[in-house]
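**Q** 3D model of this:
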Amino acid sequence: MSGSHDSNDDGGVAAVDRALAILDALTDEKTSLAELSKRTGLYKSTVLRLAKSLERYGYLLRSEDGSYRLGSKVLYLGSLYQKHFKLSEIVPPVLRQIADELHEGASFYIADGDQRVVLHRADASRAVRDLVREGDRLTMTRGAAGHALRAFNGARGARFDRIRELMYAASYGERDPEIAAVACPVFTHCNRVAGVVSVSGPRYRIEALGEPKIVPVLFKHCRALTRTLGGDVDAPQWSGWRKAARGNAKPAPTQLSKTRSRP
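**A** Residues are numbered from 1 along each chain as shown. Have a look, this model is predicted:
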């Protein structure tokens with residue numbers, strides 16, 4: 001949005017667009033009028049006029065020094081969003097899509113202390129499959145989903161650094177010698193981990209399918225879920241996703257992901 005468009009009277013829709021642009025630009029604790037003008041491309045007079053309306057409705061607060069910050073109405077809207085938003089309505093259809101695309105089971109795990117819990121599950125329509133059920137509690141120290149949950153919750157070490165770099169974890173024969181899995185994180189507001197999506201199945205089938213085929217499917221759906229949950233898929237720390245968006249979504253398996261553990 002540039003200043004040259006600012007003088008055009010585009011009606012109510014343009015005014016809403018400009019007001020929302022101001023709210024989007026308030027990424028700091030306090031932001032000056034000049035900085036808001038620079039970030040939005042709007043004239044200072046326009047920012048001042050729209051800011052008064054936003055302040056009147058509680059979306060904006062103006063400090064004594066003339067700087068601006070978000071008002072309490074934004075928090076209220078966020079609480080309403082969280083109140084009416086249910087993972088149970090959003091995640092299961094996505095898991096079903098993943099299972100249909102890869103023909104293997106898909107699960108959504110959340111962390112609960114030193115365990116991971118299967119919150120949602122979509123089984124593969126195959127006789128031989130990974131027997132995981134909703135409500136199952138599994139260890140956090142073995143299996144791709146556990147590694148991913150630990151990595152994106154700040155665990156330290158080379159393995160977890162590599163998982164954060166690649167934006168996924170893989171395991172082969174860790175939880176069960178005949179099972180393999182690949183897991184990718186999903187984020188919510190403030191880049192908090194909402195959970196991880198894991199694709200799992202017989203090890204021979206997962207290895208035959210390969211990470212270069214599984215990972216792009218997981219990336220596509222986990223990025224979409226992250227957007228739906230209010231997360232930022234373009235956050236600097238998630239550079240692996242940005243590389244995938246530029247067409248490099250075929251990370252090679254690492255020695256860490258292929259490491260065998262005792263079942």
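
**Q** isn't Gln237 right up against Asn191?
**A** Yes. Gln237 lies in contact with Asn191 (C-beta atoms under 8 Å); the separation is 7.4 Å. Every residue, glycine included, has its C-beta placed from N, CA and C.

**Q** More neighbours: which of those two?
**A** Asn191 (16 against 12; other C-beta atoms under 10 Å).

**Q** Nearest spatial neighbour of that one, chain-adjacent residues omitted?
**A** Spatial nearest neighbour of Asn191, excluding adjacent residues (C-beta to C-beta, 6 or more residues apart in numbering): Ala235 at 5.5 Å.

**Q** got the phi/psi numbers for the one you found?
**A** phi -60, psi 140 (degrees, to the nearest 10).

**Q** Tally up the residues packed near it, please.
**A** Neighbours of Ala235 (other C-beta under 10 Å): 14.

**Q** The one 5 residues further on now?
**A** Other residues within reach of Gly240 by the criterion other C-beta under 10 Å amount to 20.

**Q** ok, Ala21 touching Thr40?
**A** Yes. Contact criterion C-beta under 8 Å: Ala21 and Thr40 qualify, at 4.6 Å.

**Q** Out of the two, name the residue with the larger neighbour count.
**A** More crowded of Ala21 and Thr40, by other C-beta under 10 Å: Thr40, with 23 against 17.

**Q** Please tell me how far the more buried one sits from Asp17.
**A** Relative to Asp17, Thr40 is positioned 10 Å away (C-beta to C-beta, to the nearest Å).

**Q** could you pull out the strands for the stretch 1-150 of the chain?
**A** Secondary structure of the stretch 1-150 of the chain (DSSP state E, counting those that start in this stretch): strands at 60-62, 68-70, 105-112, 115-122, 137-139.

**Q** residue contacts, Gln237?
**A** With contacts defined as C-beta atoms under 8 Å, 6 or more residues apart in numbering, the neighbours of Gln237 are 164, 191.

**Q** How is it classified with respect to secondary structure?
**A** Recorded secondary structure, Gln237: helix (DSSP: H, G, I helix; E, B strand; the rest coil).

**Q** State the distance from it to Tyr109.
**A** Gln237 is 21 Å from Tyr109, by C-beta to C-beta.

**Q** Sketch out the low-pLDDT regions of this protein for me.
**A** 1-11, 78-85, 243-263 (pLDDT under 70).
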